[in-house]
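Engineer: I'll drop the sequence and a predicted model, then ask my questions.
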Amino acid sequence: MNKRLLIPMLLAALAAAPIAAASMTERLTGTIDKALAATCVDPSKTAVRVVSLPNGAPLYERNAVEPLMPASVQKLLVTAAALNYMGPDYRFKTTVSHTGALANGVIEGDLYIKGGGDPKLTPESVWLMARRLKQAGVNRVRGALVTDSSFFDTLDIAPAWDNQRSQRAYDAKLGALSVSFNVVAVHVLPGDRQGDPLKAALFPESDHFELVNNGFTGAQRGGRLNVWRDARDNRSRVVVSGSMPTGTKERVVYINVDDPARLASSVFLNYLRGEGIAVERGARAGQTPPEAAPLFTHESEPLAVVLRGLNKHSNNFTAEQVAKTMAAEVTGQPGSHQAALELIETFLREQGVRLDGVRLADASGLSRDNRITAAAITDLLAVMRRRFDIGPDFVASLGIMGVDGSVKDRMKGMEARAWARAKTGTLSHVSALAGYVADPQGELYAFTIIMNGVNCHYRHADQIEDAIVSAVRGVNGVPQ
């Protein structure tokens, strides 16, 4: 190339770069502003922040430091803090021990099951533990099965939650020893002919529940199925009523349980009996004494795997269980929400996340007392992108838009589909989305969208957020 032409060309390129950058941000600003111009969006209660990574340079900001309700985007905070304090390879532990002698297959004392906060202690896990006891040669327990929940404090809901809770699965109570997410599945099928009773069954099976089936098989169309629980004496009744038409598919209704400890003890007893292990004195709650002899410890999947279920499916129960476990492990005291929230704040402050106006009321985002800013969330996203030790597991916990989790059905037909990973947040009149998106050149961006006072149908709110994410992917001029 002619050297006399090289310097003018370089100077021209340098002069054009700021113009190109300016037009890029102007185009992004115009697109986002247009998306947020929907009449159902309250401009004063809507915050958006988009930053370029890894330097964190802002590309778009609106009300970025306004404290707003984040809904389940709050789960990003406990996810990051738990990875920081416990590590991706942490495993929740459920310990089995006994008092009294163990000889000839007989435990002369009590059998103790101590929970360690495992949010994914499934009925299959309980069955495997019962089988492991059987394989260890245990055939009879002269004493009782004692369930130990002392790893957590005695609060079974977050203090900020309204005590008037629903029976829906997302509203499940908490406990250091919890089985099946503290939820029971009610499986219902129509009978063979019109007028026949419905076919109903519970999972996990448990003596804690009495199933009352008042439902019937109705006509081909119409009818409504109702499932609820109520407490009677020391048992919970699960009542099925209403009708299902002949030939319809199985319905599965998930309802939470009123007493997690009783559910755990009854499920353990059921699987112990199934393995031929007799427990002579039933079950009770208590604490494992120091002199108890250990038998074995059941360990969960690694924390990094548990967190994928937490964020991809926005599981409130898992978020709160992880928070209280983190508190117990770090402080050495029974896990509490207060200690967990203090640890999260300490972590965020140490990482340089701006906490002005931030108020944490729970770990899951279910409380309407939470307040967070778009600046704080994008600060955190930028921090986690730089943390090679825990950042990859943090990113892997997020739903892939258009592919899996709570964002599986988002961004249909958009070029940005599968190029964004994000966490959703939804409450009444609240919609939020935060995460990462890459452009076709491989540049990465962090974004946070929090809309309070929104009067859109949730699908319309999703479309607004999807349009913003798509615009960020196309920020460098690639058609979307």
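Structural biologist: Arrived safely. Quick caveat: nothing in here was measured; it's all calculated off a predicted structure.
Engineer: from here on, just use CA atoms for contacts and neighbour counts.
Structural biologist: Noted.
Engineer: now the end-to-end length of stretch 364-378.
Structural biologist: End-to-end distance for stretch 364-378, by Cα to Cα, to the nearest Å: 18 Å.
Engineer: do the same with stretch 349-368
Structural biologist: For stretch 349-368, by Cα to Cα, the gap between its terminal residues amounts to 23 Å.
Engineer: which residues does that stretch contact?
Structural biologist: 65-67, 69-75, 77-78, 158-161, 315-317, 319-320, 323, 337, 341, 348, 369-373, 375-376, 379-380, 383, 425, 427 (Cα atoms under 8 Å, 6 or more residues apart in numbering).
Engineer: if we use 6 Å, what do you get?
Structural biologist: Contacts to stretch 349-368, defined as Cα atoms under 6 Å, 6 or more residues apart in numbering, come from residues 67, 71-72, 74-75, 160-161, 316, 319-320, 369-372, 376, 379.
Engineer: and if you look at stretch 384-397?
Structural biologist: Residues from elsewhere that reach stretch 384-397 (Cα under 6 Å, 6+ apart): 304, 307, 308, 311.
Engineer: would you turn those residues into a markdown table with distance to residue 171?
Structural biologist: As requested, the contacts of stretch 384-397 are exported to a markdown table (distance: Cα to Cα, whole Å):
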| residue | distance to residue 171 |
| --- | --- |
| 304 | 23 |
| 307 | 19 |
| 308 | 20 |
| 311 | 16 |
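Engineer: please report how far residue 101 lies from residue 63.
Structural biologist: 66 Å.
Engineer: could you list the domains of the protein?
Structural biologist: 27-88+304-473, 91-158+260-298, 169-256 (automatic domain parsing).
Engineer: state the helix or strand in which residue 322 lies.
Structural biologist: Taking DSSP states H and E as the definition, one finds residue 322 inside helix 316-331.
Engineer: buried residues, that helix. List them.
Structural biologist: For helix 316-331, the neighbour count (16 or more other Cα atoms under 10 Å) marks 316-328 as buried.
Engineer: tell me the one of those residues nearest residue 187?
Structural biologist: Using Cα to Cα, residue 317 comes nearest to residue 187 of the buried residues of helix 316-331, at 21.8 Å.
Engineer: which residue is the nearest non-sequential neighbour of the closest one?
Structural biologist: The spatial neighbour of residue 317 that comes closest, neighbours along the chain excluded (Cα to Cα, 6 or more residues apart in numbering), is residue 172 at 6.2 Å.
Engineer: can you show me the helices along the stretch 151-300 of the chain?
Structural biologist: Assigned by DSSP state H, counting those that start in this stretch, the stretch 151-300 of the chain shows helices spanning 260-274.
Engineer: where in it is pLDDT low?
Structural biologist: The stretch 151-300 of the chain contains residues with pLDDT under 70 at 164, 222, 232-234.
Engineer: where do the strands sit along it?
Structural biologist: For the stretch 151-300 of the chain, applying DSSP state E, counting those that start in this stretch gives strands covering 183-189, 199-203, 209-213, 216-218, 225-232, 235-245, 251-256, 278-279, 283-285, 293-302.
Engineer: got those as TSV, with mean neighbour count and distance to residue 398 columns?
Structural biologist: Below are those laid out as TSV (neighbours: other Cα atoms under 10 Å; distance: least, Cα to Cα, whole Å):
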stretch	mean neighbour count	distance to residue 398
strand 183-189	21	24
strand 199-203	17	29
strand 209-213	18	36
strand 216-218	24	42
strand 225-232	15	32
strand 235-245	20	35
strand 251-256	18	24
strand 278-279	20	43
strand 283-285	18	37
strand 293-302	16	16
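Engineer: the closest residue to residue 195 other than its chain neighbours and residue 246, how far apart?
Structural biologist: The spatially closest residue to residue 195, leaving aside those adjacent along the chain, is residue 217, at 5.0 Å (Cα to Cα, 6+ apart). Distance, residue 217 to residue 246, using Cα to Cα: 6 Å.
Engineer: what do these two both touch?
Structural biologist: Contact criterion Cα under 6 Å, 6+ apart; residues shared by residue 217 and residue 246: residue 190.
Engineer: can you pick out the most distant pair from the buried residues of helix 316-331?
Structural biologist: It's 316 and 328 that sit farthest apart of those, by Cα to Cα, at 18.7 Å.
Engineer: list the contacts of residue 314.
Structural biologist: Residue 314 touches nothing, counting by Cα under 6 Å, 6+ apart.
Engineer: list the contacts of the closest residue to residue 437 other than its chain neighbours.
Structural biologist: Distances taken as Cα to Cα, 6+ apart place residue 420 nearest to residue 437, at 4.2 Å, with adjacent residues excluded. Neighbouring residues of residue 420 by Cα under 6 Å, 6+ apart: 400, 401, 436, 437.
Engineer: start to end distance for stretch 230-241?
Structural biologist: Per Cα to Cα, stretch 230-241 runs 13 Å from first to last residue.
Engineer: let me fix that, I meant to ask about stretch 161-173.
Structural biologist: 11 Å.
Engineer: still on that earlier bit, nearest to residue 29 among the contacts of stretch 384-397?
Structural biologist: For those, the nearest to residue 29 is residue 311 (28.9 Å; Cα to Cα).
Engineer: hmm, who's touching whichever strand or helix holds the closest one?
Structural biologist: For residue 311, the element it lies in under DSSP H and E is helix 303-312. With contacts defined as Cα under 6 Å, 6+ apart, helix 303-312 is touched by 88, 89, 90, 91, 318, 393, 397, 398, 399, 405, 406.
Engineer: any chance of JSON lines for those, columns secondary structure?
Structural biologist: Shown next, in JSON lines, are those (DSSP: H, G, I helix; E, B strand; the rest coil):
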{"residue": "88", "secondary structure": "coil"}
{"residue": "89", "secondary structure": "coil"}
{"residue": "90", "secondary structure": "coil"}
{"residue": "91", "secondary structure": "strand"}
{"residue": "318", "secondary structure": "helix"}
{"residue": "393", "secondary structure": "helix"}
{"residue": "397", "secondary structure": "coil"}
{"residue": "398", "secondary structure": "coil"}
{"residue": "399", "secondary structure": "strand"}
{"residue": "405", "secondary structure": "helix"}
{"residue": "406", "secondary structure": "helix"}
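Engineer: filter these to the buried ones?
Structural biologist: Using 16+ other Cα under 10 Å, the buried members of the contacts of helix 303-312 are 88, 90, 91, 318, 393, 397, 398, 399, 405, 406.
Engineer: what ranges of the stretch 351-480 of the chain fall below the confidence cut-off?
Structural biologist: If you take pLDDT under 70 as the line, the stretch 351-480 of the chain has these spans: 477-480.
Engineer: now the helices for it?
Structural biologist: Assigned by DSSP H, counting those that start in this stretch, the stretch 351-480 of the chain shows helices spanning 374-386, 391-396, 458-473.
Engineer: got the buried residues for the longest one?
Structural biologist: For helix 458-473, a neighbour-count test (16+ other Cα under 10 Å) marks 458, 461-462, 464-473 as buried.
Engineer: what does the shortest one give?
Structural biologist: In terms of neighbour count (16+ other Cα under 10 Å), helix 391-396 has its buried residues at 391, 393, 394, 395, 396.
Engineer: noted, bye for now.
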